[in-house]
Structure formats: structure tokens, C-alpha cells
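Colleague: Next comes the sequence, and after it the predicted model I'd like to discuss.
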Amino acid sequence: VYVKDLTTLVVKSTSEIDHVMQAGKKNRSVGATLMNQSSSRSHSIFSVIIECASSDDRGEHIRVGRLNMVDLAGSERQSK
């Protein structure tokens, strides 16, 4: 799947995560609606993949976790 302007970054500290999040926040477009004063006007997908490596007498092990967060522009208009 091709996503125009998709950016993938590797970070290794919480300060690097904060820097990336602040850069993304600057690119976010918002506008006011009757239901939400800062409604998103652009779609965004934020995926976090955490890898943890450990070793024991049986060898090395890598555990991977993934969290996807999606912000759909104008989704507050959807019926509940």
C-alpha cells in the first residue's frame, strides 16, 4: 500500500518520541465545529512498534508489540 507523504522514524528515547510528536502536531490541521473546538481536518495514523530483546540459557528472544492510533478527520459527525 502506498501512502503519500508517509514518514517512518526510529526513535530510542522518550525525548525523541516527544520531538516527533511535536513535529506531527505542527502539521495537523484543525477547525472548530459545533461539537468540537479543535476538530481534526486531516487524517493521521500513528503506529508505535516496540521491540524488546532479551537472552537466557535458551538463546536470544525478541518480543514485538504494536499499537495503531487513527484520527479520522470529521469523524465526530458520524452517527453513534
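Modeller: Thanks, I have it.
Colleague: CA only for contacts and neighbour counts going forward, please
Modeller: Will do.
Colleague: which one in the protein is furthest away from the centre?
Modeller: D57 (35.9 Å; Cα atoms, centre = their mean).
Colleague: where do the helices sit along the protein?
Modeller: 14-27 (DSSP state H).
Colleague: Low-confidence bits of it, can you list those?
Modeller: 34-36, 38-40, 74-80 (pLDDT under 70).
Colleague: Roughly how far does the residue minimising distance to the centre of it sit from K4?
Modeller: For the chain, F46 is the residue whose C-alpha lies nearest the centre (Cα atoms, centre = their mean; 1.6 Å). Counting by Cα to Cα, to the nearest Å, the gap from F46 to K4 is 15 Å.
Colleague: for G31, same thing?
Modeller: On the measure of Cα to Cα, G31 and K4 end up 23 Å apart.
Colleague: Looking only at neighbour counts, state which of those two leads.
Modeller: Neighbour count, other Cα atoms under 10 Å: between G31 and K4, G31 has more, with 11 against 6.
Colleague: Test my guess that the more buried one contacts S42.
Modeller: No - taking contacts as Cα atoms under 8 Å, G31 lies outside contact range of S42: 10.0 Å.
Colleague: Would you map the strands across the chain?
Modeller: 30-31, 39-40, 44-56, 59-71 (DSSP state E).
Colleague: Tell me which of these lies nearest to K12.
Modeller: strand 44-56 (10.0 Å; Cα to Cα).
Colleague: ok, that closest one: who's next to it in the sheet?
Modeller: strand 59-71 (antiparallel) (DSSP bridges).
Colleague: how many other residues sit next to L9?
Modeller: Using other Cα under 10 Å, L9 has 7 neighbouring residues.
Colleague: What does it show for phi and psi?
Modeller: With angles defined as degrees, to the nearest 10, L9 sits at phi -130, psi 150.
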